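Q: Whatever this is, show me its structure:
(chains A and B)
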There are 2 protein chains.
Amino acid sequence: MDEDVSLMIPGPTFLHPRVLRAMSKPLMPHREKWFSDLFVEQGERMKKVYQTKNDLFIFSGSGTSSMDAAVSNIMRPGDKVLCLVSGKFSERFTEIVEAHGGIPVVLNFEWGSALDPEKVKEALTPDIKAVTMVHNESSTGVRNAVKPVSDIVGDSTAALIVDCISSMGGDDIRVDEWGIDLCISGSQKCLAVPPGLSFLSVSEKAWDIINKRPGYCYYLNVRKYKEDKYQAPYTQSITLTYALKEALDILFEEGLPQRIERHKRLAEITRSGLKKLGLTIFPKSEDICSRTVTAFNAPDHKSEKDIRDTLKSEYNIVIAGGQAHLKGKIMRIGHMGNCKERDIITTLACLEKALK
Amino acid sequence: MDEDVSLMIPGPTFLHPRVLRAMSKPLMPHREKWFSDLFVEQGERMKKVYQTKNDLFIFSGSGTSSMDAAVSNIMRPGDKVLCLVSGKFSERFTEIVEAHGGIPVVLNFEWGSALDPEKVKEALTPDIKAVTMVHNESSTGVRNAVKPVSDIVGDSTAALIVDCISSMGGDDIRVDEWGIDLCISGSQKCLAVPPGLSFLSVSEKAWDIINKRPGYCYYLNVRKYKEDKYQAPYTQSITLTYALKEALDILFEEGLPQRIERHKRLAEITRSGLKKLGLTIFPKSEDICSRTVTAFNAPDHKSEKDIRDTLKSEYNIVIAGGQAHLKGKIMRIGHMGNCKERDIITTLACLEKALK
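A: Residues are numbered from 1 along each chain as shown, chains lettered A, B, ... in the order given. Presented below is the predicted three-dimensional model:
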């Protein structure tokens, strides 16, 4: 592989040279104050990114580990969980619920459309233990509004689980204001840290449910994390914690509001550029488009695989194809983390050539 | 923290400069052949370290994640698991079984002694789903023989789960010859990779049990890993995979038999040096002593905490204290991974000064 590859996919994203350098520091002993101070500090800083006062835990694991943690801590075999599905990642929740012996009650929405809160109201029966949704469905490029769903779920006894893996640190996510009970994110997307860390915030309501009847889990058990004064009961990814610290330094130097604004602008530039190339956006309307990944329809005259292969072989730029039944039909450009206007301009210019 | 700290603890261990440099490489796209080839190759190389032909999976997670995976894939709530306990890490299995709604049948052995296979024979009733043990109990510095236990468990329907976290890559572990059904290890010990990756091998017998009645788990579900042609259904720790590749290059350049011999010799040098300082070894006899970590009794004249504090503040060397009821009573020196004779000599010389 040419190391100078341009990662225009919806994660993992381009690492800042400062983050790369941070990872070449020797390891600290993980049970000394040195590391626990560093680790606890990054958790506190992540709460600022989450805009929350809830507990927040850092797991050594892929983003999926936090999805698993949210579900497995809150439910037991036989429990019903309402899953709002409109793409590959929201669908993953149904697999997770089933894998833990639960019963997923699936509410399907067309891929490329946004969730309809009215339908949630109808489906939310009193036996539902939790409701799962994805804020930024990176498989379709759709950004779902969380508040209208939380307004409905908030009145019930169910916990609201929201996957913000591909938007946290790039979009404006108000965990407390929106009433998210279990908010999931990962390191390798807008935070621009390598994959291998994931994050989960836990609200008071979620704690009540968990403490009354804890789910069956151990490694990702939030009660174990809460107990431990180091906030990490098991040996953490020390190197990735160095990376997280440096990446959060970079994030706060830019400023969270400025970073959110930059992602919004990059998404607008991307959509506008794609339209100028004669391409059409995949999501049903512009107002539901993601700010971190843009999905667009493959052109008729050339296969999307050929286009992506040309981009890769000729220009060393990697963009993503579609997933599941959208394979071959859509393409996706990620613009998250350290992505700059220059990267979008380059990608669109090379895409124009590859389209020919 | 002074970055030039000497990590003489039982993991995480000192990283080779080549491993540090390997981690400052830019990220690869995780769904391209580039990465999957690299990832699959490291799994194959880990099988050589494991001395196994069984399936082997690499998880993004702490060593505990593989302990959790072994238990949660093999059992369901209500199942009985026989846990052989003689230290903090073997005790952890009882917590894991309970967290998954199982019933741990605990067979306790004095901390500092080895497991007694005869007792296992008595306790192994037909309703036992699995037997858990630790090969190298780093909390007590004891190395348990696996074969005598597997000879007993092998005749039953139970799966044998062995934690080799603190010995794999430093000691001679014959997964196939010894009949280990689920063999657990982690990256940050003898392999000298940062924490954040863990490994699990799965035997035919274990597959039979899992396929007939899979446990409740998702992120660490071995069936998901087996299905995925990339052998990684979720975004893996790319950076830590670079580190693993470099660390395995170093391991095979030295040679596995040579590496095993080096660890054995370092343990002998450590014990001999400690005795010359008038200290006594904690395990009941020399022939059950670990080859990767040496536990010894704290002297009477000075508190072990003072000794460790002096080593840390005066010489920038970190060694470990005791855990649980051994806190304040024993001390532990790790000699694993890249540890050299020079490091042992330095540690013992500084320890001699700190003892005064």
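Q: Tell me how many other residues crowd the residue found closest to residue A:332 once you drop the neighbours it is linked to in the chain.
A: Computed as CB to CB, 6 or more residues apart in numbering or on different chains, the closest residue to residue A:332 that is not its neighbour in sequence is residue A:320, at 4.2 Å. All C-beta atoms are positioned from the backbone trio N, CA, C, and that covers glycine. By the criterion of other CB atoms under 10 Å in any protein chain shown, residue A:320 has 22 neighbours.
Q: Residue A:320 is in contact with residue A:10, isn't it?
A: Yes. Counting by CB atoms under 8 Å, residue A:10 is a contact partner of residue A:320 at 6.1 Å.
Q: overlap in contacts of the two?
A: Here residue A:320 and residue A:10 have A:332, A:334 as joint contacts, going by CB atoms under 8 Å, 6 or more residues apart in numbering or on different chains.
Q: quick one: the residue nearest to residue A:332 from residue A:140, how far?
A: 12 Å (CB to CB, to the nearest Å).
Q: Tell me which residues of stretch A:137-149 come out buried.
A: A:137, A:138, A:139, A:140, A:141, A:142, A:143, A:144, A:146, A:148, A:149 (16 or more other CB atoms under 10 Å in any protein chain shown).
Q: pretty sure the fourth one belongs to a strand, no?
A: Right, the one you point to is residue A:140. No. Secondary structure of residue A:140 (DSSP: H, G, I helix; E, B strand; the rest coil): coil, not part of a strand.
Q: if I look at it, how far off is residue A:330?
A: 8 Å.
Q: Repeat that for the last one.
A: Plainly put, residue A:149 is 25 Å away from residue A:330 if you go by CB to CB.
Q: The third one too?
A: Here the distance between residue A:139 and residue A:330 works out to 9 Å (CB to CB).
Q: and for the two, which residues touch both?
A: Joint contacts of residue A:139 and residue A:330 (CB under 8 Å, 6+ apart) are A:295, A:322.
Q: Over to residue A:157. Which of the three states is it?
A: Taking three-state DSSP, the label given to residue A:157 is coil.
Q: Helix or strand: which one has the residue lying closest to it once chain neighbours are set aside?
A: Distances taken as CB to CB, 6+ apart put residue A:126 closest to residue A:157, at 7.1 Å, once the chain neighbours are dropped. Following DSSP states H and E, there is no helix or strand that holds residue A:126.
Q: Same question for the one 4 residues further on.
A: Assigned by DSSP H and E, residue A:130 falls within strand A:128-134.
Q: Now the element after that strand, going C-ward?
A: Assigned by DSSP H and E, the successor of strand A:128-134 is strand A:136-137.
Q: what distance separates that next one from the centre of its chain?
A: 7 Å (CA atoms, centre = their mean, to the nearest Å).
Q: partners of that strand, with directions?
A: Partner strands for strand A:136-137, per DSSP bridges, with pairing direction: strand A:142-143 (antiparallel).
Q: what's the following helix or strand after the partner strand?
A: That would be, after strand A:142-143 and using DSSP H and E, helix A:147-153.
Q: Return the list of helices and strands in contact with that following helix.
A: helix A:117-123, strand A:128-134, strand A:159-163, helix A:175-178 (3 or more CB pairs under 8 Å, 6 or more residues apart in numbering or on different chains; DSSP states H and E).
Q: would JSON lines of those with mean pLDDT be doable?
A: Output for those, formatted as JSON lines (pLDDT from 0 to 100):
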{"stretch": "helix A:117-123", "mean pLDDT": "96"}
{"stretch": "strand A:128-134", "mean pLDDT": "98"}
{"stretch": "strand A:159-163", "mean pLDDT": "98"}
{"stretch": "helix A:175-178", "mean pLDDT": "98"}
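Q: Near chain B, which residues of the stretch 1-150 of chain A are found?
A: A:1, A:3-5, A:7, A:9, A:11-15, A:20-21, A:23-30, A:32, A:34, A:59-65, A:67-68, A:71-72, A:77, A:95-96, A:99-101 (CB under 8 Å from any CB of the partner chain).
Q: now do the stretch 251-356 of chain A
A: Residues of the stretch 251-356 of chain A lying near chain B (CB under 8 Å from any CB): residue A:318.
Q: Quick one: the helices in the stretch 251-356 of chain A, in order.
A: A:256-276, A:304-315, A:341-355 (DSSP state H, counting those that start in this stretch).
Q: can you pull the buried residues of the longest one?
A: Of the residues in helix A:256-276, A:259, A:260, A:262, A:263, A:266, A:267, A:269, A:270, A:271, A:273, A:274 count as buried by neighbour count, 16+ other CB under 10 Å.
Q: residues touching residue A:335, list them.
A: Taking CB under 8 Å, 6+ apart, one finds A:8, A:263, A:266, A:267, A:270, A:292, A:293, A:294, A:343, A:344 in contact with residue A:335.
Q: what do residue A:140 and residue A:330 both touch?
A: Common neighbours of residue A:140 and residue A:330 (CB under 8 Å, 6+ apart) are A:282, A:295.
Q: what's the pLDDT at residue A:144?
A: Looking at residue A:144, its pLDDT reads 98.
Q: ugh, wrong one, I meant residue A:1
A: Confidence score, pLDDT, at residue A:1: 63.
Q: can you tell me which of the residues of the stretch 1-150 of chain A next to chain B are in helices?
A: A:20-21, A:34, A:63-65, A:67-68, A:71-72, A:95-96, A:99 (DSSP state H).
Q: returning to that earlier point: so which of the helices of the stretch 251-356 of chain A is nearest residue A:161?
A: helix A:256-276 (22.7 Å; CB to CB).
Q: tell me which strands and helices the closest one is in contact with?
A: Against helix A:256-276 (3+ CB pairs under 8 Å, 6+ apart) you get strand A:293-297, helix A:341-355.
Q: let's go with 10 Å and repeat that
A: helix A:33-50, helix A:238-254, strand A:293-297, strand A:330-334, helix A:341-355 (3 or more CB pairs under 10 Å, 6 or more residues apart in numbering or on different chains; DSSP states H and E).
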